[in-house]
Structures are given as structure tokens and as C-alpha cells.
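Visitor: Please work out how this folds:
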Amino acid sequence: MELLHRAVLGLLSGGLVVALTLASRRRALARPPWRLTLLALASWVVMGGSPAAQPWLRAIDDLLLGFAALRFALWAGLEAPEGLGWWRRPPDLLLQLLMVGGGAAITVVVMRQTAQVDLVGLVTTSAVLTAVLGFAAQGVLKDLIAGLELQLGDDFGVGDWLDLGDGVHGIVETVSWRDTKLRTMEGTRLVVPNSRVTAEVLINRGAYGAVSNRFDVGLDYTASPAQARELLLKVVQQHPQVLEDPAPQVRLKSFGDSAVIYDVHVWQVELGQQAQLNLRSELLEQIWYTVHRHGWSIPFPVREVVSRRRERHSDAIPAERSRQAAAVMGRNPVFAALSPEQQATLCRHSQSVRFGPGEVIVHEGERGDSLFLLLSGGVAVLKRCSDGTEAQVSELQAGEVFGEMTLLLDAPRSATVRALAECHLLQIDRGCFSELLQHNPHLLERLAAQVERRQAELQAIGSSQTQPEASDLLTAMRQLFRDLLS
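Guide: Below is the predicted model of the structure:
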């Protein structure tokens, strides 16, 4: 009869545990310890109802029930309330310590009452064993206490970038009772004892949500400091990963032997040394292209060797680039009506420019008087939508042109163009076109058709601007170049 009562109580209790587990899943709460609880209930029904069970079997049954009750109490009192919004869940290490301490107390009581074994007496009666355990546990206890201190404090958390000095740094993966695991830039795992983490001077580089990225750039003395600082600041502000707040800064650091040294200081969100080096590499690459487009240089002490190389190749490089540009221009429908001589003349009187990956070539809304012929590489044409986001209108490849609306209508740039890879472009200004149209007036009609197509692309993504008719475009373009010639 007693076995039947235990079975009924066990089934009811098991059903309650299963119901709590399902309810916790629906409410997105921490799951209760249902496996341990069901195992303890099954042991209680089977072994607890047998009067012939040995004392050690009854001790196992009592231990399972005690551990299950303790674990269930910790879940109900500390873990489940977090999902209900009552209070914050304590660190895992604290839960583990409570489970270990409570489990030890339950084991001592059960073994004394059920199995008639005094575990405390067995340990304390052996002085040698006690001393050995004490010495062996010194390091473990230090790490345990340090781990508890780290988890209860708010100095850092999982995902933060820590720097402990002496080359020890990485992204925090876990903080256990014994050690803190970091992921290094090389993709390896670095295990640091908790006692060292609390003893060292700890630098949390991402504690305030932004990571500092600082490096030096040297420019030649021909560039004035005001111009150089403005140029460098413009380059770093255009990068999408550079934060606006805190704002990037460029300072004149020192006058070197061969260059003026500038301190470039930016902030980013992504943590880790690898992310820091990636952003620094991209910024330095874009600075190189921008500096060379402005006719400046990034000097180094061996200036005579560079000068001789430039003199030796100064005649061959422009001629070769001019032939390549003319070949690309001939494949574009806008310039197909030009003779080879006219194409070559237009190339010679235009400016060859290069942009690095991610650089903004033109900004939407800015003024200009030139169009660009893409000789190599690829660019993305971006348009600002009404909600403030940018939508990609198209992607242009070698042989295509952009900026024709600004050159031909004297209107602000209608879109932003960003380099997708290293780009080589031919920048053709309005003065070159005015001379060319005197000998080839039909070219203006081709350009009007190109402008009409580009305006249709912008209108397709929701531009609210009213687009003029093709005849009006041609009239406005003729008037612009007539005024320029007069």
C-alpha cells in the first residue's frame, strides 16, 4: 500500500515538474532541473518503498532527493525571477558555489543519519590529510575567490576587450570559477587564472562603448599644416566605421627629418586588435590615394632614389595611360561619335585620378563641374532616401561615366559615388567639353540622353525631384555651354 501511495505522489510531482518546464519554455524562463528531479522521484518511489533496501541504497535515494530539492530551490529563488523581471540573475559562479556548499552539507547530514558515517570526523582526524588538502587548495581557493569577485563586479563582461599588459590581451569568452578565457587576434584561446586578472592592472578597452584607434601619418613639408589636417580629417570622417561621437581628431605631432608627423585619432565600435588593425589599414590606404591625388607625398629618407626613378619613367607612363584611357573611352556610347584624335585630345587635357576601396568620390548635394569616366575598378551609386538611409541605385564598371548631370546642368551632385575597389578614373571638366562641342555639336544630344536615363534611375527609387523633359534638358545644356563660350 505504501508503494502505491509513493507511486501516486511521484506521478503527481513528476507531472508538476513537467508542467513547470513547459510553462518556463513558453515564458522564456530558465528551465527548471527537471531531469534531476524526475530521477530523484523515481528513486524515491522504487527504493524508498522497499523496506529491505540496504542503508547505502537509502543514502543514495536521500542524496538524490536532497540535491534535487536544493537545485530546484536555487532555480525558483534565483534563476526564474530574472525572466519575470523581478531582479537580476546572479553569476553562474555564485550558483555553483551555493550548489557545492549546499550539496556538501546535505551529503554530511545524510551520510551521518542514514549510513552512520561521519565524514567530518574522518577528515579532521587525519592531520596529514588535512594539511595536504589545505596546501593543495591554496591556489584553487585564490582563483575561486577571484572569480567570484570578477563575476559579482562590473569591471568587465563577456565580449569586452581586455589588456593585462605584457602582450596579454583578447576578447573575453567566459569567466569560470578558476580562470578567464580570452580569444586573441590570432584566433587562439588564452586561459588566464582569475587570481592574475585581479592582481594585474586591468585595461578594459571597450568599457565605454567605443574603442580608440590612434596612429601617425607623415606628409611632406610642401603641404601646409592647416591643409594637411583638413585633408586627413575629411578622409577619416568618410569611413563608415569611424564614429562621429567621439569625433575624430587630427593633430600636428612633430616635425620629423623628412616629414611632418600628424597624430590621427579615431574611435570605432568593433572590439579586438584585429578590428583595430583592419580599420587602421583601410584608413591608411585611403589616405595614400587622397594624398597622391593632391600632389603631395608620404616621404621617406631615401628621396634621391625616388627622384631618379620618376625621371626615368616620366615619359613612358603618361603616354601609356593616355592610350589606355582613349581605348576605354572609345567603347562608351557617349564618346563613340568622337574621332580617335578627338578622344586622344580629350584624354590628354583631362586629369587622371585614383581612389582606394571604400573612398567617396563625390558626395550627394555638393557642387562640381566635371564628370568621371571609369577606366578600371567598380563604383556604387548611392541615393539618400526620404527616411535618411542610402539606397544603391546602380553599380558601374570600367567604361561607364557618372557626374554628367553636374557637368551638363550645373546642378548639385544627385547621388553619392563610393569606390568598391581600387579605381582609376578620368576626370573631364566643363572647359574640355566646351572646346570639344564646337567641333562635334551632336555629342550634346548623346549626353542629354545619358542624363535622362540617370534621372529615371533616381526617380525609380523614390526621388521627389521633378524631372525635366528631354527637350528641356537639351535646351538647358546648350544655354550653359553657350554662356561658357561667350
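Visitor: Show me the domain layout of the chain.
Guide: What the record gives for the chain is the domain set 2-125, 161-204, 211-303, 321-485, from automatic domain parsing.
Visitor: Give me the distance between the third one and the centre of its chain.
Guide: Centroid separation between domain 211-303 and its chain, computed with CA atoms, centre = their mean, to the nearest Å, is 20 Å.
Visitor: need the domains of the chain in a markdown table with distance to Ile145, mean neighbour count and mean pLDDT, can you?
Guide: Backbone N, C-alpha and C define where each C-beta goes, glycine included. Output for the domains of the chain, formatted as a markdown table (distance: least, CB to CB, whole Å; neighbours: other CB atoms under 10 Å; pLDDT from 0 to 100):
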| stretch | distance to Ile145 | mean neighbour count | mean pLDDT |
| --- | --- | --- | --- |
| domain 2-125 | 10 | 15 | 72 |
| domain 161-204 | 8 | 16 | 81 |
| domain 211-303 | 28 | 16 | 90 |
| domain 321-485 | 48 | 17 | 76 |
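Visitor: Using CSV, please lay out these together with distance to Asp155.
Guide: Below are the domains of the chain laid out as CSV (distance: least, CB to CB, whole Å):
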stretch, distance to Asp155
domain 2-125, 13
domain 161-204, 6
domain 211-303, 15
domain 321-485, 35
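Visitor: which residues of the stretch 301-450 of the chain fall in strands?
Guide: Here the stretch 301-450 of the chain has its strands, by DSSP state E, counting those that start in this stretch, at 351-355, 360-362, 370-376, 379-384, 390-396, 401-402, 416-419, 423-429.
Visitor: Minimum distance to Asp62: which of those has it?
Guide: With distances scored as CB to CB, the stretch of the strands of the stretch 301-450 of the chain nearest to Asp62 is strand 390-396 (67.6 Å).
Visitor: on contacts alone, who are the packing partners of the closest one?
Guide: strand 379-384, helix 443-460 (3 or more CB pairs under 8 Å, 6 or more residues apart in numbering; DSSP states H and E).
Visitor: and the angle from it to strand 423-429?
Guide: On the basis of axes from the mean of the first three to the mean of the last three CA atoms, to 10 degrees, strand 390-396 is oriented at 90 degrees to strand 423-429.
Visitor: Other residues contacting strand 390-396?
Guide: For strand 390-396, contacts defined as CB atoms under 8 Å, 6 or more residues apart in numbering pick out 374, 378-385, 402, 415-417, 420, 457-458, 461.
Visitor: And for stretch 272-283?
Guide: Identification of contacts with stretch 272-283 by CB under 8 Å, 6+ apart yields 161, 169-171, 183-185, 211, 213, 215, 235-236, 239, 241-242, 264, 266, 268, 270, 357-358.
Visitor: Mind doing that once more with 7 Å?
Guide: 161, 169, 171, 185, 211, 213, 215, 235-236, 239, 241, 268, 358 (CB atoms under 7 Å, 6 or more residues apart in numbering).
Visitor: Kindly report the same for stretch 322-330.
Guide: Here stretch 322-330 makes contact (CB under 7 Å, 6+ apart) with 335-336, 340, 343-344, 347-348, 373, 375, 398-399, 426.
Visitor: same question, stretch 38-45
Guide: Contacts of stretch 38-45 (CB under 7 Å, 6+ apart): 6-7, 10, 13-14, 17, 61, 64-65, 68.
Visitor: rerun that using 6 Å as the cut-off
Guide: For stretch 38-45, the surrounding residues in contact (CB atoms under 6 Å, 6 or more residues apart in numbering) are 6-7, 10, 13-14, 61, 64-65, 68.
Visitor: Quick one: mark the members of the residues you listed that sit in helices.
Guide: 6-7, 10, 13-14, 61, 64-65, 68 (DSSP state H).
Visitor: list the contacts for Lys181?
Guide: Going by CB under 6 Å, 6+ apart, the list of residues near Lys181 reads 173-174, 189, 191.
Visitor: Could you look up the SS state of it?
Guide: strand (DSSP: H, G, I helix; E, B strand; the rest coil).
Visitor: Can we start the residue count at 49 from this point?
Guide: New numbering, starting at 49: the last item is Lys229.
Visitor: I'd like to know how far it sits from Gly479.
Guide: Remark: distance between Lys229 and Gly479 (CB to CB, to the nearest Å) = 64 Å.
Visitor: And for Leu238?
Guide: Counting by CB to CB, the gap from Leu238 to Gly479 is 61 Å.
Visitor: Validate this expectation: Ser306 resides in a helix.
Guide: No: counting by three-state DSSP, Ser306 is not part of a helix but coil.
Visitor: In this structure it contacts Pro347, no?
Guide: Yes: between Ser306 and Pro347 there is a contact under CB atoms under 6 Å: 4.7 Å.
Visitor: which residues touch the residue nearest to Gln445 when sequence neighbours are not counted?
Guide: In space, and not counting its chain neighbours, Gln445 is closest to Gly426: 5.2 Å by CB to CB, 6 or more residues apart in numbering. Residues in contact with Gly426 (CB under 6 Å, 6+ apart) are 445, 468-469.
Visitor: between these, which is nearest Gly413?
Guide: Leu468 (21.5 Å).
Visitor: From Phe383, how far out is the nearest residue in space to that closest one that is not next to it in sequence?
Guide: Among residues not flanking Leu468 along the chain, Gly426 sits closest, at 4.4 Å (CB to CB, 6+ apart). According to CB to CB, Gly426 and Phe383 sit 20 Å apart.
Visitor: what's the answer for Leu60, then?
Guide: 88 Å.
Visitor: And the contacts of stretch 298-318?
Guide: In contact with stretch 298-318 (CB under 6 Å, 6+ apart) are residues 258-267, 273, 277, 280-281, 284, 289-291, 294, 296-297, 327, 347, 349.
Visitor: quick one: contacts for the nearest residue in space to Thr232 that is not next to it in sequence?
Guide: In this structure, Thr232 finds its nearest non-sequential neighbour in Gly218, 4.4 Å apart by CB to CB, 6+ apart. Residues in contact with Gly218 (CB under 6 Å, 6+ apart) are 230-232, 238.
Visitor: same thing with Arg106?
Guide: Counted by CB under 6 Å, 6+ apart, Arg106 has contacts Thr162.
Visitor: Which secondary structure state does it sit in?
Guide: Criterion first, three-state DSSP; result for Arg106: helix.
Visitor: how long is stretch 286-297 from one end to the other?
Guide: From its first residue to its last, stretch 286-297 covers 13 Å (CA to CA, to the nearest Å).
Visitor: To which secondary structure element is the most centrally placed residue in the chain assigned?
Guide: For the chain, the residue nearest the mean C-alpha position is Glu318 (4.1 Å; CA atoms, centre = their mean). If you go by DSSP states H and E, Glu318 is not part of any helix or strand.
Visitor: returning to what we had before: out of the contacts of stretch 86-93, flag the one nearest to Thr69.
Guide: Nearest member of those to Thr69, counting by CB to CB, is Gly62, at 10.6 Å.
Visitor: now stretch 455-464: how far from the chain's centre is it?
Guide: 33 Å.
Visitor: Can you measure across that stretch, start residue to end residue?
Guide: For stretch 455-464, the end-to-end distance is 15 Å (CA to CA).
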